[in-house]
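Asker: I'd like to go over a predicted model; first the sequence, then the structure.
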Amino acid sequence: MGAWATIVADCPNPRPGSRTGCRLAAAVLIVLAGMLAGAARSHAQRGESVAIPTGMRSGATIHVIILDENKKPLKQQSLIRLTNQSTGSVLFQTTRSSDTSFSDLPAGKYLIEVGAAGYLGIHRQIAITNIAYDVTETVMLPHDPAAVDLNLKDSAQLPSRARKEVEKGIQALELSNFAEARKHLEAANHQYPSSSSINLLLGYLALQQKDQEHELGYLTTATRLDPHNVQAQNLLGQLYYERGDYARAAEAAEIVVASSGESLIARKVLANSCLKLKQFEKARENGQWLVDHGGDEGASARLVLGQALAGLKKYEAAIQVLTAYLDEAPASSVTPQVRALLTQLEKQVSQGGADANAKLGITDPELNAGSESAGNAGMPPDIDAQQPFVAAGVQCPADLLEGTANPSRELVNSVAQFSAIEHMVHENLSPRGTPSNREIRQFNYVAAISEPTPGTLTIQEYRDSGDLNMPDKITTTGLPVLAIAFHPHFRDDFEMHCEGLGDWGGQATWLVHFRQLDKKPIRLQAYVVNGNNYPVSLKGRAWIRADNFQIIHLETDLVRPIPEISLFTEHISVNYGPVQFKRSGTDLWLPKSAELYVHFAKQRFHRSENFDHFMLFATDAIDTAKLPKGDPSPRPAADHGAAQPQ
């Protein structure tokens, strides 16, 4: 029997903790719908909210105006995410002229998050207390000091044709259109290969696309053409550090610090590289600078400073600094290692134990981008870590699972009857869980379900785009059928029990916890890596309406990680709801929005998908909804030869 969900990837012998990871290349069958993980750092000023009275209507409108740090309209595209904090529903908009609006919003509390390439993301709380009043929110985005300045430094030296290509490439980069950016920048580099700035931009682009084959080459060329290209040296230092080449990382970071001593990331790379190289005095010097001048960003530098002091045998000072680090970051992923080091240092002070230097070299989690030790930053809480409220003394109906059988069958039938517009936002996440870059897509979407043999269901999805046009070459498929776990064909594969009566978005719901049974075949999801199949055991929770037994929300997590392919975390969430097709008078229960969070090898990402403009094949779509061009997914693993190792 085929697995409902698959992720296909090609990678060179993945192993836990290895720098060589896998670029996901294909199909995630069951997918998505929750809340943004990790708050973006912000120093932005608060815009004023302006209430505008309006006539009676179905909901209020939130107008969002985006300004740059000079209080001028932001010239580039930004992404705005609006989350209803009562229901968990998520809406997305992108700006073209520094403003956008969300309309028909019910009263409630909302989280608004704004991000743009090269700027620090911000988040705000907004309340709509009366739908008769619109709200205007003005947001000022501060420049990210760690961001690459995309302006050309050697513009005057470039031939006119090459300069025009670069300008087009920069514009595409600002809009996160990486394919278009690569086309123009490579054309410019072909016309004028002696530009350090063009090679910097190509190196930056390769980093954004996780193109290991080219990122190092472009950046080293940029520094060879101009050893004082500080931005290229800065990126090169970070890249060498990630690859474990601490000597070259320190060399590049020293050039940056000598030119721009205020660069926090270069100081961090230099301090931590020197610690790894046992150059304790230089590590202490830069660690102390970060603590003294880095503000909130420098707080984590106490980790490297304390270890440098220990390396210099200043044990009491080291204990004081490392204790302060734990007080500031008690939930740090390296807390156990730091506590062990403190125990060793205290023993050294009290009775002269073994040389404490043997335990030095604990890496700052903020720099340890690919390590499993960076924990689950950016990942939503595991469903077993959450205990939703349930009403006391209310017993679950004995026929609850039987009651969900017909709605599950109806969902399978409904999925095969509609087409929709799919809006996709894909974010790569930093080790701290904050978005490092975003890609936006929109597709025409059609699904087809078949039962090739009794008791087996197969889904294919069609989008008007091939796999290579998907963000990071990751194709998500099967989103509409995550709730198929409750279908009679699959229900017996899981241990299911009702937790009680709760609510979802003000709707009374029965909460049902489910978990893959170890003795049953795993048929709901699998990863395919280098042609090898890795079934995934899932656990989850469903929110089932008390009045009609329809599933309105469902979340899943891994029962256990899969170390063979370095799959550490996967959280999936889907919202379902009724869709009315007015022309035919038909109501179908369909997926509305979904989200996927994954920590896979060296990569963390979050993908959100929303569906609208539903059309029913029988009537609404008879003239307009045609099967999109392109191959269906999922494809066999052998068809995914385009995947590249990251």
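Answerer: Looks like it arrived, so ask away.
Asker: drop to CA atoms for contacts and neighbour counts, all remaining ones
Answerer: Fine.
Asker: so Ile440 sits in a strand?
Answerer: Yes. Under DSSP: H, G, I helix; E, B strand; the rest coil, Ile440 falls within a strand.
Asker: show me what contacts it?
Answerer: Counting by Cα atoms under 8 Å, 6 or more residues apart in numbering, Ile440 touches 423-426, 471.
Asker: Give me the subset of those that lies in strands.
Answerer: Members of the contacts of Ile440 lying in strands (criterion: DSSP state E): 423-426.
Asker: Which parts of this protein belong to which domain?
Answerer: The chain breaks down by automatic domain parsing into domains covering 5-13+26-36+379-636, 50-140.
Asker: for the ones you listed, which one sits closest to Val304?
Answerer: Val304 sits nearest to domain 5-13+26-36+379-636 of all the domains of the chain, at 17.5 Å, using Cα to Cα.
Asker: these two touch, right, Glu69 and Val139?
Answerer: No. Assessed by Cα atoms under 8 Å, Glu69 is found out of contact with Val139, at 9.8 Å.
Asker: Neighbour count: the two, which is higher?
Answerer: Val139 (25 against 16; other Cα atoms under 10 Å).
Asker: For the more buried one, list each beta-bridge partner.
Answerer: Arg46, Ile66 (DSSP bridges).
Asker: got it, and Phe605?
Answerer: Beta-bridge partners, per DSSP bridges, of Phe605: Asn428, Val598.
Asker: now Arg607, what's its secondary structure?
Answerer: Assignment for Arg607 (three-state DSSP): strand.
Asker: neighbours of it, just the number please.
Answerer: Using other Cα under 10 Å: Arg607 sits among 24 other residues.
Asker: ok, now the one 4 residues further on?
Answerer: For Phe611, the count of nearby residues is 20 (other Cα under 10 Å).
Asker: how about the nearest residue to it once chain neighbours are set aside, what does it touch?
Answerer: Distance criterion Cα to Cα, 6 or more residues apart in numbering; nearest residue to Phe611, sequence neighbours excluded, is Glu422 at 4.7 Å. Contacts for Glu422 were tallied using Cα under 8 Å, 6+ apart; they are 442-445, 609-612.
Asker: Likewise for Trp289?
Answerer: Trp289 neighbours (Cα under 8 Å, 6+ apart): none.
Asker: gap between it and Ile319?
Answerer: For Trp289, the distance to Ile319 (Cα to Cα, to the nearest Å) stands at 19 Å.
Asker: And for Gln460?
Answerer: From Gln460 to Ile319 the distance is 58 Å (Cα to Cα).
Asker: and the two? which has more neighbours close in?
Answerer: Ile319 (22 against 19).
Asker: Next one: the residue nearest to Tyr204 when sequence neighbours are not counted from Leu429, what distance?
Answerer: What sits nearest to Tyr204 in space, not counting adjacent residues and going by Cα to Cα, 6+ apart, is Glu215, at 7.2 Å. Glu215 is 19 Å from Leu429, where distance means Cα to Cα.
Asker: Then Ala266?
Answerer: In terms of Cα to Cα, Ala266 sits 20 Å off from Leu429.
Asker: again, but for Arg163
Answerer: Distance from Arg163 to Leu429, counting by Cα to Cα: 32 Å.
Asker: Give me the more crowded residue out of the two.
Answerer: Leu429 (25 against 22).
Asker: which residues touch the closest residue to Gln507 other than its chain neighbours?
Answerer: Using Cα to Cα, 6+ apart and skipping residues adjacent in sequence, the residue nearest Gln507 is Arg545, 7.0 Å away. Contact partners of Arg545, counting by Cα under 8 Å, 6+ apart, are 507-510, 551-552.
Asker: Weed out the non-buried ones from the residues you listed.
Answerer: Buried by 16 or more other Cα atoms under 10 Å: 509-510, 551-552, out of these.
Asker: want to try TSV for these, with pLDDT and distance to Glu366 as columns?
Answerer: Below are the buried ones among the contacts of Arg545 laid out as TSV (pLDDT from 0 to 100; distance: Cα to Cα, whole Å):
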residue	pLDDT	distance to Glu366
Thr509	91	40
Trp510	93	40
Ile551	93	39
Ile552	93	37
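Asker: Just the ones in strands from the residues you listed, please.
Answerer: Using DSSP E, the buried ones among the contacts of Arg545 in strands are 509-510, 551-552.
Asker: What is the most widely separated pair among those residues?
Answerer: Maximum distance among those (Cα to Cα): 10.4 Å, for Trp510 and Ile552.
Asker: Quick check: neighbours shared by these two?
Answerer: Shared contacts of Trp510 and Ile552 (Cα under 8 Å, 6+ apart): 542-545.
Asker: which of the residues you listed count as buried?
Answerer: Neighbour counting by 16+ other Cα under 10 Å classes 542-545 among the shared contacts of Trp510 and Ile552 as buried.
Asker: where's the dip in pLDDT among those?
Answerer: Sorting those by pLDDT puts Arg545 at the bottom of the list (91).
Asker: Out of the buried ones among the shared contacts of Trp510 and Ile552, which sit inside strands?
Answerer: Using DSSP E, these in strands are 542-545.
Asker: would you list those residues in JSON lines and tack on distance to Asp492?
Answerer: Output for these, formatted as JSON lines (distance: Cα to Cα, whole Å):
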{"residue": "Ala542", "distance to Asp492": "16"}
{"residue": "Trp543", "distance to Asp492": "19"}
{"residue": "Ile544", "distance to Asp492": "18"}
{"residue": "Arg545", "distance to Asp492": "21"}
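Asker: farthest pair in those?
Answerer: Ala542 and Arg545 (9.7 Å).
Asker: Common neighbours of those two, please.
Answerer: When Cα under 8 Å, 6+ apart defines a contact, the residues bordering Ala542 and Arg545 alike are 510, 551-552.
Asker: burial count for Gly393?
Answerer: Neighbours of Gly393 (other Cα under 10 Å): 8.
Asker: Distance check, it against His613.
Answerer: For Gly393, the distance to His613 - Cα to Cα - is 42 Å.
Asker: Over to Ser566?
Answerer: Distance from Ser566 to His613, by Cα to Cα: 38 Å.
Asker: out of these two, which sits in the busier spot?
Answerer: Ser566 (21 against 9).
Asker: Could you check the pLDDT of that one?
Answerer: pLDDT, Ser566: 77.
Asker: Nearest residue to Asn189 in space, please, no chain neighbours.
Answerer: Per Cα to Cα, 6+ apart, closest to Asn189 is Ile198, 6.3 Å.
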